[in-house]
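Asker: heads up, no residue letters with this:
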């Protein structure tokens, strides 16, 4: 009993479990991104708690394809778990806390090794929007080079200075590529971050194919600006289809 | 009761439900194109009513992969639903009405974001026929640039001027690419439009691969002209196989 | 009864049904090649009858993916069915008869539209062997241009002059590409022809990828010559695996 | 009874069956690599016996996708089976013995025809690490050209001189490409060798795509050196996921 009280005291404002809609979307996001091949065994996605903005929800360290509701835990923005836990946590969860600190507008963060993004991580050719729904890539996704922080390591983002450098490289963008590593995608919602990650993978493949054909015509500055002001039309239609494809039942 | 009478009056010549063979093909088309990855959550396909040529049949706004017979509704060529409906309709259904107006020969229209066509939407390299059954691409598919109508927007075709510009770009072709967006394909029948959309996706992939190998030899003008005069041999053989692959039973 | 006698008389030396091992392999070949994406709805494979060399066995006109033992019929080398038949036959079956006439060594013929071969059909870059088991491609697969026979048509090989031109282009090779169309592959056995068709598709993909990396080093003349003298090691190992993948049970 | 005694005498120090954890991993490795398309019908993987370092465990000659625990046999480093066996053995098992002799540090060896590696086998462009977990590729994978031993043959590595040449080309590397053939990968454990083979396939695809985009930035010398000193973080997470995908239950 006293243990429960302690835990409650430590948790302060963050609830025991996230809002059920947020929890459902966060689990679905793990499964959808795995089903699309955007997340492998080592990526992760988190959501900021809307009622307790100094905390975020993320799965324990595990393959996203296997995540269920009971695997979701709360961390504060220093990436410490809110409740006593014996489970392993992601080494790179520092990415999440630092981006939530730097970007008050961001409500969801994901880190992936999306296969077709890797060529752009290691190229001077920028990832740029091929279609309207990729307008969030703007004039080209920035690339974070971890050598600007550390010139030696396994390229994972595990320290505060590394994560801060990454957050700086992200700036006000929606997606940042990591040299020799992968990408980080942010969104106003879990669903938006997922949508962006899936679109980025497709866009990368198509940009590579288009490069074979000759000079590529990307979205115009006017079209990119429009996308910042406007909402996509009926984005939940894809979300429901993706859930079905990932074997998730229900609405 | 009075409501039913009203509805019947408004519907005038268009029947309550399409001919059962047309209905079956329209549902199958949605499922086949989704199974082939030609339609994602946002594409759509319609068929003109053969007995009431001022109307067309299309699903309500939903993922094509999930369409069943009860989702098919009738619209007039101004894209208004014939019967009172509380369901959502596709924002871009204006494409269908304007093409049926401009092209009396066309009996089926589909709009997709077929993945391998996107590189050609954003390139000066034209999509051209690699094989005999792609001869409908002629000397190269035209590209509709929505900037010729609007230089600002999300690149979707939602207004009458945009749809008219698209119909003009289509001209007498069978397929038009949309810069930064996707494609529109037309046919004498649902099955022909579906066949063309699937062939276009494959042709695009093969043309990109061929470009890697050096100069590409496309169909000759004589071969393209022949295809306009001739019918393909046994086109239903593929249709039946595609239905089976999409999990559709029966004929 | 009299009908049966007539049929027997017409069939002369060709049995009612092929040898059961040949029949099993021919059905499996249709299914394996479909499972590998080498055959679409329109390809076909035949086997010469070993006891009655003036006849070959082939399915009636249908999607190879759906072929079962009861669909296999006998044709003579003029491509006429041996027994009265109301079923449709392949328009392009003339390919089979003409190749069996021109190449007494050949016991199996297949015609496909294998997707990665098409770029080589329309290129001056020759399809050449990347690995030892593709040595049958020799110094490069020949390309048959149907314009050498007809400069107008749908590029299908349906007439005797076209099929004879194709057989001449094949010469003593194992595979001939058809401009704007596909390929024809021959073998000493059904299994060998199937193996060659599957290897050709993979080799084509790899040669295209290698071309991106710079000059490609193909097999040497000595290695190609060796392959003509030698037998592949344990070829049935792949055949059994392919049957299993295609959902065919048994040996 | 006397037969059993003889067999025990011949086997000397090698046990009847490998340690159960090693056996489980070796079977899983065959299935995982097949599921990933890294092993086709003809590749193979072995593990050195940790208690009897002059012996290794490998399946009898069969498709890796079909391997179960009862198919695993012991060979000495001259590649002779330890126990009387009527089963077929891999022609190329000589690769395993020679590498275990040349590299005392190596505990697992695998030979594959991984599809995206073939372009690098036949190119002057070296396979180099795109991401941190591919650092084992170092400054570029060496290529073994069998012509340095034999200038005539089917390119398989079946003789002692060929296998010794291959082992020399491997040197202290983790992966060696075989011109016109495939690759050999080694590891400290079965799981490490499997991980490297899967990463190499992905890396190759990404390097080819990146080449289309322009000059490629690979890992730095410092990053490559770091990877030699460090352990990957939580490598078993992927292993468990891969087992699940390959349909292997348990652990």
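Answerer: Cool, the structure landed. Bear in mind that the values here come from a model prediction, so they are computed numbers and not experimental data.
Asker: what parts of the stretch 151-251 of chain A come near chain D?
Answerer: Residues of the stretch 151-251 of chain A lying near chain D by Cβ under 8 Å from any Cβ of the partner chain: A:151-156, A:179-182, A:208, A:211-212. Just so you know, the C-beta spots here come from the backbone N, C-alpha and C atoms, and that holds for glycine as well.
Asker: at 10 Å instead, please
Answerer: A:151-156, A:158, A:178-182, A:204-205, A:207-212 (Cβ under 10 Å from any Cβ of the partner chain).
Asker: what does the stretch 151-251 of chain A put close to chain B?
Answerer: Proximity of the stretch 151-251 of chain A to chain B, by Cβ under 10 Å from any Cβ, involves residues A:202-203, A:205-220, A:222-223, A:225-227, A:229-242, A:244-245.
Asker: those, buried ones only, as a ChimeraX selection?
Answerer: Here is the ChimeraX command that picks out the buried ones among those, judged by 16 or more other Cβ atoms under 10 Å in any protein chain shown:
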select /A:202,203,205,206,207,208,209,210,211,212,213,216,218,219,220,223,226,227,232,235,237,238,239,240,241,242
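Asker: got the contact list for the spatially most central residue of chain A?
Answerer: Centroid-nearest residue in chain A: residue A:110, 1.5 Å away (criterion: Cα atoms, centre = their mean). When contacts are counted by Cβ atoms under 10 Å, 6 or more residues apart in numbering or on different chains, residue A:110 touches A:29-30, A:33, A:38-39, A:43-47, A:58, A:64, A:95-96, A:175, A:183-187, A:190, A:193-194, A:196-197.
Asker: which SSE is it in?
Answerer: Assigned by DSSP states H and E, residue A:110 belongs to strand A:108-112.
Asker: tell me if the next helix or strand after that strand is near chain D.
Answerer: Using DSSP H and E, the helix or strand that directly follows strand A:108-112 along the chain is helix A:118-121. Yes - using Cβ under 10 Å from any Cβ, helix A:118-121 comes into contact with chain D via A:118, A:119, A:120, A:121.
Asker: which strands and helices sit next to helix A:118-121?
Answerer: Helix A:118-121 sits against strand A:143-144, strand A:175-178, strand A:182-187, helix A:190-213, helix D:190-213, with contacts defined as 3 or more Cβ pairs under 10 Å, 6 or more residues apart in numbering or on different chains; DSSP states H and E.
Asker: any chance of these in a markdown table, with mean pLDDT and distance to chain C too?
Answerer: Compiled in a markdown table, these are given as follows (pLDDT from 0 to 100; distance: least, Cβ to the nearest Cβ, whole Å):
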| stretch | mean pLDDT | distance to chain C |
| --- | --- | --- |
| strand A:143-144 | 98 | 22 |
| strand A:175-178 | 98 | 21 |
| strand A:182-187 | 98 | 23 |
| helix A:190-213 | 98 | 8 |
| helix D:190-213 | 98 | 5 |
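Asker: can I get the ones you listed in CSV with distance to residue B:54?
Answerer: Formatted as CSV, these follow (distance: least, Cβ to Cβ, whole Å):
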stretch, distance to residue B:54
strand A:143-144, 54
strand A:175-178, 46
strand A:182-187, 44
helix A:190-213, 38
helix D:190-213, 49
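Asker: residue D:78 is nearest to which of the ones you listed?
Answerer: helix D:190-213 (21.6 Å; Cβ to Cβ).
Asker: tell me the angle that closest one makes with helix C:190-213.
Answerer: Going by axes from the mean of the first three to the mean of the last three Cα atoms, to 10 degrees, helix D:190-213 is angled at 60 degrees with respect to helix C:190-213.
Asker: distance from helix D:190-213 to the middle of the chain?
Answerer: 14 Å (Cα atoms, centre = their mean, to the nearest Å).
Asker: for the closest residue to chain C within the stretch 51-200 of chain A, which residues are in contact?
Answerer: Across the stretch 51-200 of chain A, the shortest distance to chain C (Cβ to the nearest Cβ) belongs to residue A:119, at 11.5 Å. Going by Cβ under 10 Å, 6+ apart, residue A:119 touches A:125, A:127, A:177, A:204-205, A:207-208, A:211, D:130, D:205-214, D:216.
Asker: so for it, what's the nearest residue that isn't a sequence neighbour?
Answerer: The spatially closest residue to residue A:119, leaving aside those adjacent along the chain, is residue D:210, at 3.6 Å (Cβ to Cβ, 6 or more residues apart in numbering or on different chains).
Asker: for residue A:146, same thing?
Answerer: Closest residue in space to residue A:146, ignoring its immediate chain neighbours: residue A:155 at 5.8 Å, by Cβ to Cβ, 6+ apart.
Asker: next up, the contacts around that neighbour.
Answerer: Applying Cβ under 10 Å, 6+ apart, the residues near residue A:155 are A:121, A:145-147, A:162, A:178-182, D:129, D:131-133, D:135, D:219-220, D:223, D:226-227.
Asker: show me what counts as buried in stretch A:109-123.
Answerer: Of the residues in stretch A:109-123, A:109-123 count as buried by neighbour count, 16+ other Cβ under 10 Å.
Asker: how distant is the strand holding residue A:110 from the center of its chain?
Answerer: 1 Å.
Asker: direction included, what does it pair up with?
Answerer: Looking at strand A:108-112 with DSSP bridges, its partner strands are strand A:44-48 (antiparallel), strand A:182-187 (antiparallel).
Asker: average pLDDT for the shortest one?
Answerer: Read that as strand A:44-48. What strand A:44-48 shows for mean pLDDT is 98.
Asker: right, is the following helix or strand past it up against chain D?
Answerer: Per DSSP H and E, the first helix or strand lying C-terminal to strand A:44-48 is strand A:55-59. No - interface with chain D: strand A:55-59 contributes nothing (Cβ under 10 Å from any Cβ), its closest point being 11.9 Å away.
Asker: tell me which helix or strand comes right after strand A:55-59.
Answerer: Of the helices and strands lying after strand A:55-59 in sequence (DSSP H and E), the nearest is strand A:72-76.
Asker: so is that next one next to chain D?
Answerer: No - Strand A:72-76 stays out of contact with chain D when judged by Cβ under 10 Å from any Cβ, the minimum separation being 16.8 Å.
Asker: can you name every helix or strand that that strand contacts?
Answerer: helix A:2-11, helix A:20-35, strand A:44-48, strand A:55-59, helix A:94-102.
Asker: now the stretch 1-150 of chain A, which segments are flagged as low pLDDT?
Answerer: Scanning the stretch 1-150 of chain A for pLDDT under 70 picks out A:1-12, A:86.
Asker: any idea how far residue A:45 is from residue A:111?
Answerer: Applying Cβ to Cβ, to the nearest Å, the value for residue A:111 to residue A:45 is 8 Å.
Asker: identify the contacts common to the two.
Answerer: Each of A:39, A:96, A:185, A:197 lies in contact with both residue A:111 and residue A:45 under the rule Cβ under 10 Å, 6+ apart.
Asker: shouldn't residue A:44 be in contact with residue A:93?
Answerer: Yes - using Cβ atoms under 10 Å, residue A:44 is in contact with residue A:93, at 7.2 Å.
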